[in-house]
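**Q** With the sequence up front, the predicted model follows.
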Amino acid sequence: MAVRIACLLAADLPLTAVLRAQPELAGLPLAIVSGVGPRAQVIAISAEAARAGVRPAVSVVHARSICPALRVRVASPALERAACETLLDVARSLSPRVAVAPPRSGVYAAEAAVFLDASGVGSLFRSEQGFAAALTARACGAGIPAVAAVASSRGVSLLAARCIARGLLQTAQTAQSAAEGSRAAGDNSALQDAALVLAPAEEATFLDPLPIDLLDPEDGLAEALTRFGIRRVGELTRLPQRSLVTRLGPGVRRLLALAHGEKDTVPLPGAVETRVEEGVDLEWPIENLEPLSFVLRGLLARLAERLELRGLVCGDLDLELRLAGGGCDTRRIGVSAPSGDPRTLLGVLRLALEHPLPRAPVEGIALATEGRPVRTDQLDLFRPAGPTPSALGRTLAELEALCGSERVGAPHLVDDPHPDAFAQSPFALPGHTRKAAPRPGVAIAALRALRPPVPAEVRAPRGRPEWIRSAVANGPIVGLAGPWRTTGGWWSRERRFAFDSFDARTEDGNVIRLRFDLVQGLWQVDAVYD
């Protein structure tokens, strides 16, 4: 099977990252600037701003004098990093072998590209054109307008994607049609607005008329090529390679490899991390919970979208608030039942932020989570469905906000001889297990421990309890078993303990576990039989 490589390219990452986080700015004249202040330079503009006459590399003051309605946003490394990782998530959702293109400089410093293994995709998407269309559609659904190209190598697919992004597709199509005579260019290559597929036999013809700038040469090498009159890829490929290397240096070898469409290795599958992070740098500090919740809603929505591409849902949330003055407020918010519902997760975050509130205005937010597999439950045909896991998570979050996180959880036994010893862990729903049918005629009593034990007043004239008064049971004791002595911790004055335990039935019908603390000389109701 022939090797086929797809390239998914976002041509203007700073602009794309801001529009992904603030979709309400779509359709408005927008400029992305390098920093705060009137002297900051414009580094990216929207199509509406370009039509109004705004150009990159001008100051904010100059840009606003050209377009008074211009919206200005500061470039955010956190948003750009999240947008690039989203592009990678889109690629992984359609191909198991992906690789991120190395960062570029100069003219192509703002682009982000991902390579995918597209070999054999025709059996899943009917054609390579269908695969490329699915790539662009899924990227657009994730808030990343991107273009896709499929070719025989990474270099050719990247050049084809750049050709689409820069509006050079018509030039290449015209040249290809002229070279093929009367045969239509669409017979062997599918050319659309955002997707391009090149057959191996068409790649040389396609690359021939493209400008040499698409190869991204270094500044010195670009000047030398211009002096030699080399402005097209075809003009470069027709020159002898040895003479070019002798005159221009070894740096021209990379350009020649791209221009000739040399084959390279298939992208190798990297380690897929389940941790997903979204962040935002705020232009103005936020002091109140309501506007902070509005920003968190967008972060959670984007986080859930990326996890959905991987077939995962949110686990525990790690929230980092960068505060005014250089401080940082870091919180880990437990989620009892993994959920992909942003509304439920927002409710959990709000409850966690209410107690206590951030101690200073918030200037930046980072939100991360470990993706968890979607949990499925086997329902009963004859019983109504119980509460959803998301409802349970919200209830536990409310209890933690009211009682404190250290008071909410699931108890479990620990390796300690003390009868009161236990540990507490975050509550999690158990997996579905089939319960054995109870045997008829067998009643099993459950012993419910009381923690802390309930103090009791007991009359025991001969060392055996005969009467009790407590908040649990009162009156004469009509049935008694025991005592059973439990001791331990003798090596430490602080940890030593000794109990005499009795099972007692009182006249009012209660059956209790009564114990006498030999160290403190106290009677206590330790447990109740239900």
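**A** Nice, I can see it. Residues are numbered from 1 along each chain as shown.

**Q** Okay, now the unreliable bits of the stretch 151-300 of the chain?
**A** By pLDDT under 70, the low-scoring segments of the stretch 151-300 of the chain are 169-193, 265-272.

**Q** quick one: the helices in it?
**A** 154-165, 169-179, 203-207, 219-227, 233-237, 241-248, 252-260, 289-309 (DSSP state H, counting those that start in this stretch).

**Q** Can you add mean neighbour count and give those helices back as a markdown table?
**A** In short, each C-beta sits where N, CA and C put it, glycine included. Converted to a markdown table, these look like this (neighbours: other CB atoms under 10 Å):
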| stretch | mean neighbour count |
| --- | --- |
| helix 154-165 | 26 |
| helix 169-179 | 16 |
| helix 203-207 | 23 |
| helix 219-227 | 14 |
| helix 233-237 | 20 |
| helix 241-248 | 13 |
| helix 252-260 | 19 |
| helix 289-309 | 18 |
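
**Q** Could I get these in CSV, plus columns for distance to Asp500?
**A** Formatted as CSV, the helices of the stretch 151-300 of the chain follow (distance: least, CB to CB, whole Å):
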stretch, distance to Asp500
helix 154-165, 79
helix 169-179, 90
helix 203-207, 90
helix 219-227, 90
helix 233-237, 94
helix 241-248, 95
helix 252-260, 86
helix 289-309, 54
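
**Q** Quick one, which of those helices gets closest to Phe382.
**A** Comparing the helices of the stretch 151-300 of the chain against Phe382 with CB to CB, the closest turns out to be helix 289-309 (32.8 Å).

**Q** which residues are contacting the closest one?
**A** 20-22, 82, 85-86, 89-90, 92-93, 138, 142-143, 276, 278-280, 282, 286, 313-314, 340-342, 345-346, 349-350, 353-354, 357-358, 362, 365, 367, 369, 371 (CB atoms under 8 Å, 6 or more residues apart in numbering).

**Q** And that helix, how far out from the chain middle?
**A** Distance, stretch centre to chain centre, for helix 289-309: 10 Å (CA atoms, centre = their mean, to the nearest Å).

**Q** and if you look at stretch 508-523?
**A** Counting by CA atoms, centre = their mean, stretch 508-523 comes out at 53 Å from the chain centroid.

**Q** Please apply the same query to stretch 23-39.
**A** That offset, for stretch 23-39, works out to 26 Å (CA atoms, centre = their mean).

**Q** Ends of it, what's the gap?
**A** Distance between the boundary residues of stretch 23-39 (CA to CA, to the nearest Å) amounts to 26 Å.

**Q** Mind listing what's buried along the helix or strand hosting Phe131?
**A** In the assignment (DSSP states H and E), Phe131 maps to helix 128-141. By 16 or more other CB atoms under 10 Å, the buried positions in helix 128-141 come out as Glu128, Gln129, Gly130, Phe131, Ala132, Ala133, Ala134, Leu135, Thr136, Arg138, Ala139.

**Q** Could I have the buried ones of the contacts of helix 289-309 as PyMOL selection syntax?
**A** Provided next is the PyMOL selection string for whichever of those are buried by 16+ other CB under 10 Å:
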select buried, resi 20+21+82+85+86+89+90+92+93+138+142+143+276+278+279+280+282+286+313+314+340+341+342+345+346+349+350+353+358+362+365+367+369+371
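
**Q** List of residues touching stretch 98-112?
**A** With CB under 8 Å, 6+ apart as the test, stretch 98-112 has contacts from 7, 9-15, 43-44, 83-84, 87-88, 91-92, 113-117, 154, 158, 162, 165, 213, 216, 219, 267-270.

**Q** and if we set it to 7 Å?
**A** Stretch 98-112 is contacted from outside by 9-14, 44, 84, 87-88, 91-92, 113-116, 158, 213, 216, 267-268, using CB atoms under 7 Å, 6 or more residues apart in numbering.

**Q** Sitting in helices, which of those residues do you find?
**A** Judged by DSSP state H, helices contain the following of the contacts of stretch 98-112: Leu13, Pro14, Cys84, Leu87, Leu88, Ala91, Arg92, Leu158.

**Q** which two in those are spaced the farthest apart?
**A** Greatest spatial distance among the ones in helices among the contacts of stretch 98-112 (CB to CB): Pro14 and Arg92, at 23.4 Å.

**Q** burial measure for Gly479, as a count.
**A** When neighbours are defined as other CB atoms under 10 Å, Gly479 has 10 of them.

**Q** actually Leu13, not the one I typed
**A** With other CB under 10 Å as criterion, Leu13 counts 23.

**Q** I'd say it and Glu80 touch.
**A** Yes - in this structure Leu13 lies within contact range of Glu80 using CB atoms under 7 Å: 5.4 Å.

**Q** And the next helix or strand past the lengthiest strand in the chain?
**A** Taking DSSP state E as the criterion, the chain has its longest strand at strand 474-488. Next helix or strand after strand 474-488 toward the C-terminus (DSSP H and E): strand 497-506.

**Q** Please work out which residues outside that next one touch it.
**A** Counting by CB under 7 Å, 6+ apart, 418-419, 465, 468, 473-489, 511-519, 526 sit against strand 497-506.

**Q** Give me the residues contacting the following helix or strand past that strand.
**A** Where DSSP H and E defines the elements, the next helix or strand beyond strand 497-506 is strand 511-517. Contact with strand 511-517 is made by 447, 465, 472-473, 499-505, 523-529, as judged by CB under 7 Å, 6+ apart.

**Q** okay, now the domains of the protein?
**A** Split into domains by automatic domain parsing, the chain comes to 5-28+69-205, 277-373, 447-529.

**Q** picking that back up, which one of the helices of the stretch 151-300 of the chain lies nearest to Leu30?
**A** helix 289-309 (17.0 Å).

**Q** For the helix or strand just after the closest one, which helices and strands make contact with it?
**A** As assigned by DSSP H and E, the chain's next helix or strand after helix 289-309 is strand 312-323. Contact analysis of strand 312-323 by 3 or more CB pairs under 7 Å, 6 or more residues apart in numbering; DSSP states H and E lists helix 289-309, strand 328-333, helix 342-354, strand 362-373 as its packing neighbours.

**Q** now the residue lying closest to Glu287 once chain neighbours are set aside: how far from Ile286?
**A** Excluding its sequence neighbours, the residue lying closest to Glu287 (CB to CB, 6 or more residues apart in numbering) is Pro361, at 4.7 Å. Distance, Pro361 to Ile286, using CB to CB, to the nearest Å: 6 Å.

**Q** ok, now Ala133?
**A** For Ala133, the distance to Ile286 - CB to CB - is 40 Å.

**Q** Arg459 now?
**A** Noted for Arg459: a distance of 64 Å to Ile286, by CB to CB.

**Q** Tell me what the residue nearest the centre of the chain is bridged to.
**A** Compute the mean C-alpha point of the chain, and by CA atoms, centre = their mean the closest residue is Val276, 2.7 Å away. Taking DSSP bridges as the rule, Val276 bridges to Thr369.

**Q** could you measure it against Thr86, distance?
**A** Val276 is 9 Å from Thr86, by CB to CB.

**Q** likewise Val335?
**A** Using CB to CB, one gets 22 Å for the distance from Val335 to Thr86.

**Q** ok, now Val472?
**A** Separation of Val472 from Thr86 (CB to CB) stands at 58 Å.

**Q** same check, this time on Arg92
**A** Between Arg92 and Thr86 the distance is 11 Å, computed by CB to CB.

**Q** ok, now Leu221?
**A** From Leu221 to Thr86 the distance is 34 Å (CB to CB).

**Q** re the thing from before, least reliable of the helices and strands packed on strand 312-323 going by mean pLDDT?
**A** Ranked by mean pLDDT, these bottom out at helix 342-354, with a mean of 83.

**Q** Who are the packing partners of that helix?
**A** Other helices and strands packing on helix 342-354, by 3+ CB pairs under 7 Å, 6+ apart, are helix 289-309, strand 312-323, strand 328-333, helix 389-403.

**Q** could you give the angle of the first one to helix 342-354?
**A** Here helix 289-309 runs at an angle of 140 degrees relative to helix 342-354 (axes from the mean of the first three to the mean of the last three CA atoms, to 10 degrees).

**Q** ditto for the second one
**A** Relative orientation of strand 312-323 versus helix 342-354 (the same axes, to 10 degrees): 30 degrees.
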